[in-house]
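[1] Model the following, please.
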Amino acid sequence: MEVNFISYIPAIIGIVSITIFVALNARNITNKVYAILNVFVALWLLFLFLADITHDTTSALWLLRLALFFGQLMFLMFYYFVLVFPYQTKVNIKRQIIYSLPMVIISVLLLTPIGLSSVKIASYGAEPQNVGFLYTFSDVVGILYMLLGIGILLKKYKMADLRQKKQIKFVLIGITIALVVNIFTGDVLTLLNVNTQYVDFGGFSLLIFSLFVAYAMIKHGFLDIRLIVARTMGYVLTLVALAAIYSVVLFGILSHLVNLKRVSTGQELLYVVMAVFLAFTFQPIKQFFDRLSNKIFYRDAYDAQFFLDEFNKVLVSTYDMRLLLRRSATLMANTIKSSYCAFTVLKTGNVAGQTVTTDQHIAVTEEVTKLVKKALSTTEQRLISVDALDEKYVELQKDLQHYAISVVAKVSSHTGDEAIGYLILGPKKSGNLYNSQDLGLVEIIANELVIAIQNALRFQEIENFNLTLQARIDDATKKLRQANDKLRALDETKDDFISMASHQLRTPLTSVKGYLSMVLDGDVGRVSKPQKEMLGQAFFSSQRMVYLIADLLNVSRLKTGKFIIESSPVNLAEIIDQELSQLGETASSKSLNINYDKPESFPILMLDETKTRQVIMNFVDNAIYYTPAGGKINVRLIDNPNTIELRVEDNGIGVPKAEQHHLFTKFYRAGNARKARPDGTGLGLFMAKKVVIAEGGSIIFESTEGKGSTFGFVFPKAKLTPKPGIMPIKEENKELAPV
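    Next comes the predicted model:
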């Protein structure tokens, strides 16, 4: 019996105490499952102890059955514990229900005679009799669940970080001790029919297991013992304060007002009021003592959810990298109460690296960054608590502590990715170590901050690109403006040259044309027919030169605003006839037939005669040059009710469709036209359009490549009576650009 007390009572008391502490600190699912596991262990030991000290066989039988029942639940709860320790594993709910069902069925059957039918009271306690198959099978199933749990822990060990590996190692040591002792005392000795009181020492091994698990949780931050002490003290002080208040009020004051030996209805009502008063004052008093105990025992306490809410606000508050890092570092240092918090972001693309720290005396130099990178790569971890490093990293630990670094974390998208930065924490101001809650928050921040940093980096890259692009645009614009100025100067020089050359050429050309005309008219003697034909060609060429010079002068005048329309009464039918007579010999030399039905009567129009002649000559001249030998040219002057039209139609080479929209621009000639007539200038159609539009008309143009073209103009009759005089026309001053 003494052995029972030695083996069971300390184990029960120890496990119950651990359970109470854990329940007071049940911040996460791991602590809660561990507390439930300890409850089942304590109940198992309690019923074993009660069965051993009872002298009634019936009571002993039921107590042993209850012990077996909670023993199976203990195995099941251990399995669930390893699923959430030291981090929660994703599980399939349906699969877990299937895994749990055999153990639940066995637990229920152990409460029946199938599991255990009778017991015998021996000198050392209750001894099972008539042990059935289920009794032994339940132990085998329980051991299988334990082995399954150990397998899960070993698998987690391979994937865990340094801190988690230490926690798993302690749990594995504890469960190994408990498993070996219980198999030996509970199964091996029973199968060997060794009835000894030392079999009961198997239960004591479970206290060892609980202590190992508790140590792992306390030592490595999973279970905060300071918070447990603080909360316990808060409850104790609250109860003491309430007891004192109740005693003083009830016995100190009421004893003078009422006779406590006889309770009246009014006194009972007063007691009820006092009870209500105490109920309302309990929570404020408890909160007061909680705050007091926190200041004494837990100065680093903070609300994690409040911190995360504030941190999320910071993440969406700005795209400015430096401001984002400064706000995050300040919030983290103030919340976790670190001596300092620093962020360093590495250089990415065209964005320079940045470093911020809450303590300006702490410099995160390139040497520190290299040390942090080395520490993370050496330990193969994303997060390191320097104080929790293994003995094999003693030198690395000293180097980090030399720079007052207590926690470092890698900021990257995934485990294997290159870091885009690092998070560094100095020692806590209180001198305490970083617990699991602190490290959990650091890990959350490192994971969430990477997205915000990447967004800020992209934003900064775009800003830098915009600045670079704007600088390039400004530089290109400046160069383009300079080029335009040069081109404009060259264009003005060209216009000046054309104007000067045209004036200088026009005088001798006029003399040449005049003398040719005199010779053709016979003023200097009779001219033979061959001579007349040759002189006629010379005269026609000189006339064309006159028109070309006029075009050049008009282009120059357009530029300077000196191009004018001098309207006068004009017989358009007569002008066309005269121009065609001059071009007749040229058409005949190319075997071309020009058809023109001169109207017998045609209205007198107000036009610039010289410039209109030039337009007509350009249309007909182009038709002659771009129509193959044997072709036809039709010239039609049409008097419509509201308009008059001139149409020069040919069946020549036509204008390619892709080039038609360029045709009336200055100095432009279609590709097939340049081949047919290399000496053209591209000014004829340009000036023709300018003249027609200036006179209030519009150009007619139709063409099909290889089939011919139609050029002409149309004037509305209502607009053909401008005021006599001059009308200045200036070419649009378009910005030039280098090609």
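[2] Setting aside sequence neighbours, what's the nearest residue to the spatially most central residue of the chain?
    For the chain, N455 is the residue whose C-alpha lies nearest the centre (CA atoms, centre = their mean; 5.3 Å). Leaving aside its sequence neighbours, N455 sits nearest to Y319 (CB to CB, 6 or more residues apart in numbering; 6.6 Å). All C-beta atoms are positioned from the backbone trio N, CA, C, and that covers glycine.
[3] Just give the number of residues close to that neighbour.
    Look at Y319: counted by other CB atoms under 10 Å, it has 16 neighbours.
[4] May I ask which helix or strand encompasses the residue nearest to the centre of the chain?
    Assessed by DSSP states H and E, N455 sits inside helix 436-520.
[5] if we can go back for a sec, N312 versus the residue nearest to the centre of the chain, what's the distance?
    N455 is 14 Å from N312, where distance means CB to CB, to the nearest Å.
[6] The residue nearest to N455: what secondary structure?
    Assigned by DSSP: H, G, I helix; E, B strand; the rest coil, the conformation of Y319 is coil.
[7] domain parsing for the chain?
    2-223, 228-297, 304-466, 563-729 (automatic domain parsing).
[8] Let me have those domains in TSV, extended by distance to T510.
    Putting those into TSV (distance: least, CB to CB, whole Å) gives the following:
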stretch	distance to T510
domain 2-223	102
domain 228-297	113
domain 304-466	63
domain 563-729	14
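[9] pLDDT of stretch 149-167, averaged?
    Mean per-residue pLDDT for stretch 149-167: 80.
[10] for stretch 681-690, same thing?
    For stretch 681-690, the mean confidence score works out to 82.
[11] residues near the residue lying closest to A333 once chain neighbours are set aside, how many?
    Ranked by CB to CB, 6+ apart and with sequence neighbours excluded, the top spatial neighbour of A333 is C341, at 3.9 Å. Residues contacting C341 under the criterion other CB under 10 Å number 27.
[12] And the strands in the stretch 301-450 of the chain, which stretches?
    Using DSSP state E, counting those that start in this stretch, the strands of the stretch 301-450 of the chain run over 341-345, 354-357, 383-385, 407-411, 421-425.
[13] Select, out of those, the one closest to P603.
    Smallest distance to P603 across these (CB to CB): 83.3 Å, for strand 354-357.
[14] packing partners for the closest one?
    Counting contacts by 3 or more CB pairs under 8 Å, 6 or more residues apart in numbering; DSSP states H and E, strand 354-357 packs against helix 321-336, strand 341-345.
[15] Show me the strands paired with the shortest one, marking each as parallel or antiparallel.
    What that stands for is strand 341-345. Using DSSP bridges, strand 341-345 pairs in its sheet with strand 354-357 (antiparallel), strand 421-425 (antiparallel).
[16] Considering the ones you listed, which stretch scores lowest in mean pLDDT?
    strand 354-357 (a mean of 85).
[17] Show me what counts as buried in stretch 625-638.
    625-627, 631, 633-637 (16 or more other CB atoms under 10 Å).
[18] now, among those residues, which is nearest to Y157?
    Distances from Y157 to the buried residues of stretch 625-638, taken by CB to CB, are shortest for Y626, at 92.3 Å.
[19] Could you find the closest non-adjacent residue to the closest one?
    Closest to Y626 by CB to CB, 6+ apart is G652, at 4.3 Å.
[20] Report how many residues lie close to that neighbour.
    Around G652 there are 25 residues (other CB under 10 Å).
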